[in-house]
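Novice: A structural model of the following input is requested.
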Amino acid sequence: MDFQINLNTETVDECCSSGPLCLAPTDTVAEAMRRMKDRNRGAALVCHNQMVVGIFTERDALAMMAAGANFEVPLERAMTPNPTVLRAGDTVGKAITLMAKGGYRRLPIVDDRGQPTGFVKAESIMRYLAEHFPKVIHTLPPKPHSTTQAREGA
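Specialist: Numbers count the residues shown, from 1 in each chain. Next comes the predicted model:
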């Protein structure tokens, strides 16, 4: 199927956002939230020596808010350490698989040296799929896996 071939050959570069927000592990959660708001980002990468050591997302911020946590703590205490990352040459299919298995809405992309270059977001993948496979996407029924309970017709 042409759809499957494209997902297994086209790289995540097709649907990545560039210029990730990178912060130091010692920066505070409050600073991270300010910078995420200023740059309209849903996540910040926590980097040490230009390498990704963690990720802090809006979900992490919401969990902290719900718990009444202190936002003046360093990111290294609030981040998700060692996040799953994609390499620039990884396929869109691999990104979809990792996102589905891990429940991620975004994954960092790193270059051959392991330095961050961007993010792949679920929203970007949906846009990519709709643009590259319009016939498949636009002809899906409202509930693709539903079955009728009663026989239709005469």
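Novice: In this structure, which residue is most central in space?
Specialist: By Cα atoms, centre = their mean, the mean C-alpha position of the chain lies nearest to residue 106, the distance being 0.7 Å.
Novice: hey, what's that one bridged with?
Specialist: residue 121 (DSSP bridges).
Novice: Tell me who's in contact with it.
Specialist: By Cβ atoms under 8 Å, 6 or more residues apart in numbering, residue 106 lies in contact with 42-43, 57, 119-122. For glycine as for every other residue, the C-beta is placed from the backbone atoms N, C-alpha and C.
Novice: and if you look at residue 83?
Specialist: Taking Cβ under 8 Å, 6+ apart, we find residue 83 in contact with 52, 54-55, 107-108.
Novice: I'd like these written out as a markdown table, with secondary structure, pLDDT and distance to residue 81 added.
Specialist: Formatted as a markdown table, the contacts of residue 83 follow (DSSP: H, G, I helix; E, B strand; the rest coil; pLDDT from 0 to 100; distance: Cβ to Cβ, whole Å):
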| residue | secondary structure | pLDDT | distance to residue 81 |
| --- | --- | --- | --- |
| 52 | strand | 95 | 10 |
| 54 | strand | 96 | 5 |
| 55 | strand | 96 | 9 |
| 107 | strand | 94 | 15 |
| 108 | strand | 94 | 13 |
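Novice: ok, for residue 21, nearest residue in space, not its chain neighbours?
Specialist: In this structure, residue 21 finds its nearest non-sequential neighbour in residue 44, 4.5 Å apart by Cβ to Cβ, 6 or more residues apart in numbering.
Novice: Count residues in the vicinity of that neighbour, would you?
Specialist: 27 (other Cβ atoms under 10 Å).
Novice: Does it have any beta-bridge partners, and if so which?
Specialist: residue 56.
Novice: Correct me if wrong: it contacts residue 36.
Specialist: Yes. Assessed by Cβ atoms under 8 Å, residue 44 is found in contact with residue 36 at 5.6 Å.
Novice: so where do the helices sit in the chain?
Specialist: Taking DSSP state H as the test, the helices found in the chain are 2-7, 29-38, 58-67, 92-102, 122-132, 134-138.
Novice: returning to what we had before: what sits in contact with each of residue 44 and residue 36?
Specialist: Both residue 44 and residue 36 are in contact with residue 21, where contact means Cβ under 8 Å, 6+ apart.
Novice: Could you count how many residues lie near residue 56?
Specialist: 25.
Novice: How many residues are close by the residue nearest to residue 10 when sequence neighbours are not counted?
Specialist: For residue 10, ignoring the flanking residues on the chain, the nearest one in space by Cβ to Cβ, 6+ apart is residue 92 at 5.2 Å. Residues near residue 92, counting by other Cβ under 10 Å, number 25.
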